[in-house]
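Undergrad: sequence plus predicted model, see below.
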Amino acid sequence: MSPIDALIPLIVGLLLVARPQVFSKKPGSQEEIAKRSAKLRKMGYVLVGVAVLYLLIAFVESMRRHAA
């Protein structure tokens with residue numbers, strides 16, 4: 001496990017949180033666009049959480065290797 005592996009979900013997650021409309025180009029009413037944006041933003045939060053957990057696990061694992 002390398003901490004660099006967490007960059008992909010972190011970057012995509014941050015993009016989804018900051019600018020969800022970039023990933024949704026379908027036309028529709030304001031209500032539909034708002035629903036899609038909210039759903040994409042939630043997915044972004046999940047990806048950021050996954051990246052943070054992955055970094056935490058990688059950090060703990062590297063600390064164990066150095067301690068042994």
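TA: Done, it's in.
Undergrad: mind naming the longest helix for this protein?
TA: When the chain is parsed with DSSP state H, its longest helix is helix 30-67.
Undergrad: and residue 27, what does it touch?
TA: Under the criterion of C-beta atoms under 8 Å, 6 or more residues apart in numbering, residue 27 has no contact partners. To be clear about C-beta, it is placed using only N, CA and C from the backbone, and glycine gets the same treatment.
Undergrad: in the longest helix of the chain, what's buried?
TA: By neighbour count on 16 or more other C-beta atoms under 10 Å, the buried set for helix 30-67 is 36, 37, 40, 41, 43, 44, 47, 48, 51, 54, 55, 58.
Undergrad: of those residues, closest to residue 7?
TA: When these are compared for distance to residue 7 (C-beta to C-beta), residue 51 comes out closest, at 7.7 Å.
Undergrad: hmm, residue 6 and that closest one touching each other?
TA: Yes - distance between residue 51 and residue 6: 4.4 Å, which falls inside the contact criterion (C-beta atoms under 8 Å).
Undergrad: so where's the protein uncertain?
TA: 1 (pLDDT under 70).
Undergrad: ok, residue 22 touching residue 12?
TA: No - the criterion here is C-beta under 8 Å, and residue 22 misses it with residue 12 at 10.8 Å.
Undergrad: compare neighbour counts for those two and give me the winner.
TA: Neighbour totals were compared for residue 22 and residue 12, and residue 12 leads with 16 against 10 (other C-beta atoms under 10 Å).
Undergrad: give the contact list for the spatially closest residue to that one that is not a sequence neighbour.
TA: Spatial nearest neighbour of residue 12, excluding adjacent residues (C-beta to C-beta, 6 or more residues apart in numbering): residue 47 at 5.7 Å. Going by C-beta under 8 Å, 6+ apart, residue 47 touches 9, 10, 12, 13, 16.
Undergrad: still on that earlier bit, dump the buried residues of helix 30-67 to TSV, plus distance to residue 64.
TA: Shown next, in TSV, are those (distance: C-beta to C-beta, whole Å):
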residue	distance to residue 64
36	42
37	41
40	36
41	35
43	32
44	31
47	26
48	25
51	21
54	16
55	15
58	11
